[in-house]
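S.K.: okay, predicted coordinates and the sequence, questions at the end:
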Amino acid sequence: MRHIIDLSDLTDKEFNDLYKLTTNIIDRPEGYVDACRGKVLGSLFYEPSTRTNLSFSTAMMRLGGSVVGFSDPRSSSTTKGETLKDTINMVSCYADMIVMRNPREGAAKAASLYSSVPVINAGDGGHLHPTQTLADMVTILRMRGSADDMKIGLCGDLKYGRTVHSLLHFLERFHNVQVYLIAPDALKLPDYMISFLKEHNMPYCEVNSIDEVLPELDVLYMTRIQRERFTSAQEYENLEGSYQLTAEKMKRAKKDMLVLHPLPRVDEIAQDVDDDPRAVYFRQARFGMFGRMALLLTLSKLPFERAGHQDIGHEPGVRCSNHKCITRTELYVPLHGKIGDRCPYCDKLLELDI
Ligand code: NCD
């Protein structure tokens, strides 16, 4: 456990220890006020964020540590043309850990190659968001006791929703998890994630509305239609407002079903759901902060060794097929593999470079 690119990088033991520490912090936060005293978190947000950014900063401050960084790339040297590699090299001279959000897929993995301190992925484009998964898992485990034998509905923007992708990666390790994918055709779970479900024998079905499956569900994970991931305004407007959960619909749900949402919400959960005790999304945000405290504390104590020399550049004739992949802009990042292999940074297929 050095870099946290995806939560599923953690072994069962590492995750169980992290969860145990999280629950200790939730139950006795005053015992941790100096736990990271003297430590500095480098916080690099190349993309807007309220929750994750504030959550990490608050987590570090509640541990007695401090935070440096930026929440808008316009205030960093990126605007002067600095490479990701140089920024990371430099920040890892100052900070003890780095948390990073970047719109390019695979960016955190690429950054980790050049860092002499642990890098935590706080979201890389539509790819992964491991600490949101940590928030989701802490919520499920605290409120339900276990993630085994669970019917979970994932609703909304399954195409661009990185929180969904990370959560599915992690749920693979639990027993008898049944997945209901609730999304309009244009926002269906991408093929590479469907392949993941198949490869890991995770039973899933794709449905077109919440109503079709609501009474079956133990957990309903709602997500926002992500405007910023669309290329045209028209494409976004065609889907806006679809897949809404209301108090009326909640009448058909199980009495102990949990409604989760990574937030921010737009209108996919009506305001009249907020007072329902099954709506746990604000508690989920609080659990997320405690989970991040546990993660920062754990990483700050681990011995760390910088990765060895990294080969520079791409293998001739090969490139990642994903135009949002970090390897498309940071050309020095090593990319090796055969055409048809998965990209080591963003998981999409490698293709012929023409
Ligand atoms: C999510 C994200 O940024 O991926 N938010 C979060 O981190 N809590 C979901 C979203 O932006 O819709």
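M.R.: In hand now; what should we look at?

S.K.: alpha carbons only for contacts and neighbour counts from here, please
M.R.: Noted.

S.K.: contacts only, for the nearest residue to Val207 once chain neighbours are set aside.
M.R.: Nearest residue to Val207, sequence neighbours excluded (CA to CA, 6 or more residues apart in numbering): Ile182, at 5.1 Å. The contact partners of Ile182, by CA atoms under 8 Å, 6 or more residues apart in numbering, come to Gly153, Leu154, Cys155, Gly156, Lys188, Glu206, Val207, Asn208, Ser209, Ile210.

S.K.: tell me the bridge partners for Ile182.
M.R.: Counting by DSSP bridges, Ile182 is bridged to Cys155, Val207.

S.K.: re the thing from before, ok, which pair from the contacts of Ile182 is furthest apart?
M.R.: Largest separation among the contacts of Ile182 by CA to CA: Lys188 and Ile210, giving 14.0 Å.

S.K.: any idea of the mean pLDDT for stretch 342-354?
M.R.: What stretch 342-354 shows for mean pLDDT is 94.

S.K.: what comes up buried for it?
M.R.: Arg342, Cys343, Pro344, Tyr345, Cys346, Asp347, Lys348, Leu349, Leu350, Glu351 (16 or more other CA atoms under 10 Å).

S.K.: any idea whether the last one is helix, strand or coil?
M.R.: In other words, Glu351. At Glu351, secondary structure determined by DSSP: H, G, I helix; E, B strand; the rest coil is strand.

S.K.: wait, what's in contact with the spatially closest residue to it that is not a sequence neighbour?
M.R.: Spatial nearest neighbour of Glu351, chain neighbours left out: Ile339 (4.8 Å); criterion: CA to CA, 6+ apart. By CA under 8 Å, 6+ apart, the residues touching Ile339 are Val318, Leu349, Leu350, Glu351, Leu352.

S.K.: roughly how far apart are Ile339 and the ligand?
M.R.: Counting by CA to the nearest ligand atom, to the nearest Å, the gap from Ile339 to the ligand is 30 Å.

S.K.: least confident secondary structure element in the chain?
M.R.: helix 233-237 (a mean of 77; mean pLDDT, DSSP states H and E).

S.K.: need the residues of this structure near the ligand, please.
M.R.: Arg51, Thr52, Arg162, Thr163, Arg224, Gln226, Pro262, Leu263, Pro264 (CA under 6 Å from any ligand atom).

S.K.: so what touches the top helix by length along the chain?
M.R.: As assigned by DSSP state H, the longest helix anywhere in the chain is helix 281-301. Contact partners of helix 281-301, identified using CA under 8 Å, 6+ apart, comprise 1-2, 18-19, 21-22, 25-26, 35-36, 39, 51, 55-56, 58-60, 62-63, 96-97, 118, 131-132, 134-136, 138-139, 259-263.

S.K.: and that helix, what's buried?
M.R.: Quick answer for helix 281-301 (16+ other CA under 10 Å): 281, 284-285, 287-300.

S.K.: buried ones in stretch 303-319, by neighbour count?
M.R.: His314, Val318, Arg319.

S.K.: closest to Val273 among the residues you listed?
M.R.: For the buried residues of stretch 303-319, the nearest to Val273 is Arg319 (46.0 Å; CA to CA).

S.K.: enumerate every residue touching the nearest residue to Ala107 once chain neighbours are set aside.
M.R.: Distances taken as CA to CA, 6+ apart put Ile326 closest to Ala107, at 5.3 Å, once the chain neighbours are dropped. Applying CA under 8 Å, 6+ apart to Ile326 gives the contacts Arg104, Glu105, Gly106, Ala107, Ala110, Tyr345, Cys346.

S.K.: mind checking how far the third one is from Leu299?
M.R.: Relative to Leu299, Gly106 is positioned 21 Å away (CA to CA, to the nearest Å).

S.K.: ok and the residue in the stretch 151-300 of the chain nearest the ligand?
M.R.: In the stretch 151-300 of the chain, the residue that lies nearest the ligand is Pro262 (4.4 Å; CA to the nearest ligand atom).
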